[in-house]
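Engineer: Sharing a model prediction with you, sequence too.
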Amino acid sequence: MHIEHAAILGRGAVGLLYGTVIADTLGTDAVTYVMDDARYQRHLGERISINGKPLELETVPASKATPADLVIVATKAPGLEQALDTMETLVGPRTCIISLINGIRSEQRIAERFGWDHTVLAIAQGMDAVFLDGALTFSHTGEIRFGAAEETLPDVVPALDDFFTRAGVPHVVEQDIWHRLWTKLMLNAGINQTCMAYGCGYGAASRPGEENRCFVAAMREVLAVGRAEGIDLTERDLSEMASLIASLDPEGMPSMAQDRVARRRTEVEEFSGTICALAKKHGILVPQNTWLYQHIREIEESW
């Protein structure tokens, strides 16, 4: 199995960032953005810039797309259902699939449609990308961490590793990918939801104060729920995630805070929505995530 070309679904912060990295290293022929036909028509003529330079990568409608070596799903969670339909034209018998959608549920939904054979489990973390009003800015590319699911064929992970190496995409192959997925879920439940709920950036969440208390408390509840689910999350994991946020631009903001500015639907169901449901199953109290879920929903409804 050899990967030469990637099709990316999702022309937001994550999709634009990694598409740009791939194109800068392998050339513009190595990556294409794909949209469903209706969305493609709505976005015709849209001007997008990457760190001040115009986006030069091709975008095609699904009706004109052909099977790709690799499909990178980089939509927001609410857009996954439409993305699955769009992928019908992109997924061939040997197409690899990697999802960079937040949360721990997207790969299962993808595999229900296209199977686990060529699907891996993955997260993207550490980037400081901000995408507002058609302009993407970033200084940290972060990294993609991925690993095989139980039913992933053995040649898929090495093929992805080789492609990301050639494409200059920072990445790590994880032996225990479920631990990494839950660590990222813990981070997102803390930082994404706190910054959305308080309308703040990374700096406010890292300094002593109400925002920092919320950030840490939400993560600690995820730690408890994860351990009940059989994931060996630790205080060291929590501290590493807090240190990661402290290393980012204090004026930067995570995706849900950007959603608040742009008045877009958030991924709250993937974070506190998931944690509250699992906590109920295990009889665990999660007051911080419960408050975050309710407060974020109230903000969305006010729009």
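Structural biologist: It's in.
Engineer: the bottom helix or strand of the chain by mean pLDDT?
Structural biologist: strand 130-132 (a mean of 86; mean pLDDT, DSSP states H and E).
Engineer: Buried residues, that one. List them.
Structural biologist: The neighbour-count check on strand 130-132 (16 or more other Cβ atoms under 10 Å) flags Val130, Phe131 as buried. Glycine gets a C-beta too; all of them are placed from N, C-alpha and C.
Engineer: Heading C-terminal from it, find the next helix or strand.
Structural biologist: strand 135-137 (DSSP states H and E).
Engineer: which other residues reach the least confident helix or strand of the chain?
Structural biologist: For strand 130-132, the surrounding residues in contact (Cβ atoms under 8 Å, 6 or more residues apart in numbering) are Gly12, Ala13, Leu16, Leu136, Thr137, Phe138, Gly252, Met253, Gln258, Val261, Ala262.
Engineer: from the residues you listed, which has minimum pLDDT?
Structural biologist: Within the contacts of strand 130-132, the minimum per-residue pLDDT falls on Gly252 (85).
Engineer: which residue packs closest to it, ignoring adjacent ones?
Structural biologist: Asp128 (4.6 Å; Cβ to Cβ, 6 or more residues apart in numbering).
Engineer: Please tell me how far that neighbour sits from Ala277.
Structural biologist: 30 Å (Cβ to Cβ, to the nearest Å).
Engineer: Same drill for the two, tell me which one is more crowded.
Structural biologist: Neighbours per residue (other Cβ atoms under 10 Å) separate Asp128 from Ala277, with Asp128 holding more: 20 against 11.
Engineer: and that one, what does it touch?
Structural biologist: Phe138, Ser139, His140, Gly142, Tyr202, Leu248, Asp249, Gly252.
Engineer: Could you break this structure into its assigned domains?
Structural biologist: 6-175, 178-302 (automatic domain parsing).
Engineer: rewinding a little: filter the contacts of Asp128 down to the buried ones and hand me the PyMOL line.
Structural biologist: Entered in PyMOL, the line below selects the buried ones among the contacts of Asp128, by 16+ other Cβ under 10 Å:
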select buried, resi 138+142+202+248+252
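Engineer: where along the stretch 151-300 of the chain do the helices fall?
Structural biologist: Per DSSP state H, counting those that start in this stretch, the stretch 151-300 of the chain carries helices over the ranges 156-167, 177-198, 202-206, 210-228, 235-246, 255-262, 272-282, 287-302.
Engineer: Extract the C-alpha set from the first one and format it as CSV.
Structural biologist: To tie it back to what came earlier, the one meant is helix 156-167. What follows is helix 156-167, C-alpha atoms only, in CSV (Å, rounded to 0.1, in the frame of the first residue of the first chain):
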residue,chain,number,x,y,z
VAL,A,156,-2.4,0.7,6.8
VAL,A,157,-0.5,2.3,9.7
PRO,A,158,3.0,1.9,8.0
ALA,A,159,1.6,3.4,4.8
LEU,A,160,0.2,6.5,6.7
ASP,A,161,3.5,6.8,8.6
ASP,A,162,5.4,6.8,5.4
PHE,A,163,3.1,9.4,3.7
PHE,A,164,3.1,11.8,6.7
THR,A,165,6.9,11.5,6.9
ARG,A,166,7.3,12.4,3.2
ALA,A,167,4.6,15.1,3.5
